[in-house]
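Visitor: Take this sequence and fold it.
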Amino acid sequence: MTARPERVAAEEVRQRMLDAGRELALEAGAALTIEHLRLEEVIQRARVPRSSVYRLWAYREEYTEDLLCYLAGPGSSFADRPVFDPETVNVIGRVLTENMYLLATLDGRRALMCEVVRLSVARNYAALSESLAWRLQMALMATLGSTRSGMARRRIAAALEASQRRSRESLVAVLAHISQVVGLRLRDPAYTLDHVQLAGGLLVQSMALRNVQVQAAMGTADAVLDGAGLNGALAGSDSLDGAADTAMVNGLMNSPVPGPGLDGEPAQWTLAAFAYLGVIDTFLELDPDFVPPGPVVSQAGEREA
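Guide: Presented below is the predicted three-dimensional model:
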């Protein structure tokens, strides 16, 4: 007796198909390949009845449009978390909790603020550089104008903006918490934490995107330089110049630079974190009238007066 095919609810078929399409897009590594996804391949990955899929989407283009909206919105890298990944938020919490004694002085508060920026931005920069979901989000933004038109473009753009808004609101809340704990205030009434978030967030994302490009080019650069080392005649001067330039940019972006650390000791900073500190210092300053909430405990465990 032949087994009856699995019956799957239409909404589950839809979700499975969108999730399967997202998996395939992430594996492909570029949003543009979504246009070339084969519906049969997605159906096989989703393990849903073919007839149910074609009842939902009569044409492949209809599915592609819904998939792009899903990737831009509910299925995006910003759908359920801020630009700062969860571990970045944990880093912020640990730094603040372990160094509350620094709140007793103006210099200590400055050092604590810098340490939060140094560690959290370095972590976030690395996390974005490694995130396939975030790269897909950036590719969607970059190719929106050339891949879709009319109502489809407006739907995808709206989904992208909604996911960015959720991310922005979450990060503004993180900045507000840090400002409250350390005692930061905006330098001008015209400034808002939204200004800080937008300037700082776009700065780190653009640097992470550049890092993705540089790391991809590093493989080619290494091959050219290795080849030149074995036999300089195998590599032209243009290739060598390009490889050297790539290596230089990689060093600038990812080699540590000296900067302020806790207790007056110098620390190693990433370029992204150092640049973000410039954004913070542009918009925010330490409030001289700040009073720490509750008694401040010293590094030795004693309460400060």
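Visitor: Restrict the worst-scoring helix or strand of the chain on mean pLDDT to CA atoms and write it as CSV.
Guide: The helix or strand of the chain with the poorest confidence is helix 132-147; it has a mean of 75 (mean pLDDT, DSSP states H and E). Output of helix 132-147 as CSV, limited to C-alpha atoms (Å, rounded to 0.1, in the frame of the first residue of the first chain):
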residue,chain,number,x,y,z
LEU,A,132,26.9,35.8,6.3
ALA,A,133,23.5,37.0,7.2
TRP,A,134,24.7,40.6,7.6
ARG,A,135,26.5,40.4,4.3
LEU,A,136,23.3,39.3,2.6
GLN,A,137,21.5,42.3,4.2
MET,A,138,24.1,44.7,2.9
ALA,A,139,24.0,43.1,-0.6
LEU,A,140,20.2,43.5,-0.6
MET,A,141,20.6,47.2,0.2
ALA,A,142,23.2,47.7,-2.5
THR,A,143,21.3,45.9,-5.2
LEU,A,144,17.8,47.0,-4.5
GLY,A,145,17.7,49.7,-7.1
SER,A,146,18.9,47.4,-9.9
THR,A,147,17.2,44.2,-9.2
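Visitor: How far does the helix or strand that it is followed by sit from its chain's centre?
Guide: Per DSSP states H and E, the first helix or strand lying C-terminal to helix 132-147 is helix 150-182. Put simply, helix 150-182 sits 12 Å off its chain's centre (C-alpha atoms, centre = their mean, to the nearest Å).
Visitor: coming back round to it: which helices and strands does the least confident helix or strand of the chain pack with?
Guide: Packing partners of helix 132-147 (3 or more C-beta pairs under 8 Å, 6 or more residues apart in numbering; DSSP states H and E): helix 10-28, helix 60-72, helix 150-182, helix 193-230. From N, CA and C alone the C-beta is placed, and that goes for glycine too.
Visitor: Tell me what angle it forms with helix 150-182.
Guide: Interaxial angle, helix 132-147 versus helix 150-182 (axes from the mean of the first three to the mean of the last three C-alpha atoms, to 10 degrees): 140 degrees.
Visitor: Now do the buried residues in helix 132-147.
Guide: Applying a neighbour-count criterion of 16 or more other C-beta atoms under 10 Å, one finds 134-140, 143-144, 147 buried in helix 132-147.
Visitor: Let me have these in TSV, adding distance to residue 245 as columns.
Guide: Putting the buried residues of helix 132-147 into TSV (distance: C-beta to C-beta, whole Å) gives the following:
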residue	distance to residue 245
134	26
135	23
136	28
137	28
138	23
139	24
140	29
143	27
144	30
147	31
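Visitor: what's the closest of the residues you listed to residue 105?
Guide: Taking C-beta to C-beta as the measure, residue 105 lies nearest residue 134 of the buried residues of helix 132-147, at 38.4 Å.
Visitor: Starting from residue 247, give me the distance back to the closest one.
Guide: Residue 134 sits 25 Å away from residue 247, going by C-beta to C-beta, to the nearest Å.
Visitor: With residue 209 instead?
Guide: 19 Å.
Visitor: Centroid-nearest residue for this protein?
Guide: The structure's the chain has its C-alpha centroid closest to residue 128; by C-alpha atoms, centre = their mean the separation is 3.8 Å.
Visitor: picking that back up, which of the helices and strands packed on helix 132-147 has the highest mean neighbour count?
Guide: For the helices and strands packed on helix 132-147, the largest average neighbour count (mean count of other C-beta atoms under 10 Å) is found in helix 60-72, namely a mean of 20.
Visitor: Can I get it as PDB, trimmed to CA atoms?
Guide: C-alpha atoms of helix 60-72 as PDB (Å, rounded to 0.1, in the frame of the first residue of the first chain):
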ATOM      1  CA  ARG A  60       8.800  31.800  -9.600                       C
ATOM      2  CA  GLU A  61       9.000  35.600  -9.700                       C
ATOM      3  CA  GLU A  62       6.200  35.800  -7.000                       C
ATOM      4  CA  TYR A  63       8.200  33.500  -4.700                       C
ATOM      5  CA  THR A  64      11.400  35.500  -5.300                       C
ATOM      6  CA  GLU A  65       9.700  38.700  -4.400                       C
ATOM      7  CA  ASP A  66       8.300  37.300  -1.200                       C
ATOM      8  CA  LEU A  67      11.800  35.800  -0.400                       C
ATOM      9  CA  LEU A  68      13.500  39.100  -0.900                       C
ATOM     10  CA  CYS A  69      11.000  40.800   1.500                       C
ATOM     11  CA  TYR A  70      11.600  38.000   4.000                       C
ATOM     12  CA  LEU A  71      15.300  38.400   3.800                       C
ATOM     13  CA  ALA A  72      15.000  42.200   4.200                       C
END
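Visitor: which helices and strands sit right next to the helix or strand just after that helix?
Guide: Counting by DSSP H and E, the next helix or strand C-terminal to helix 60-72 is helix 86-98. If you count contacts as 3+ C-beta pairs under 8 Å, 6+ apart, helix 86-98 packs onto helix 106-130, helix 150-182.
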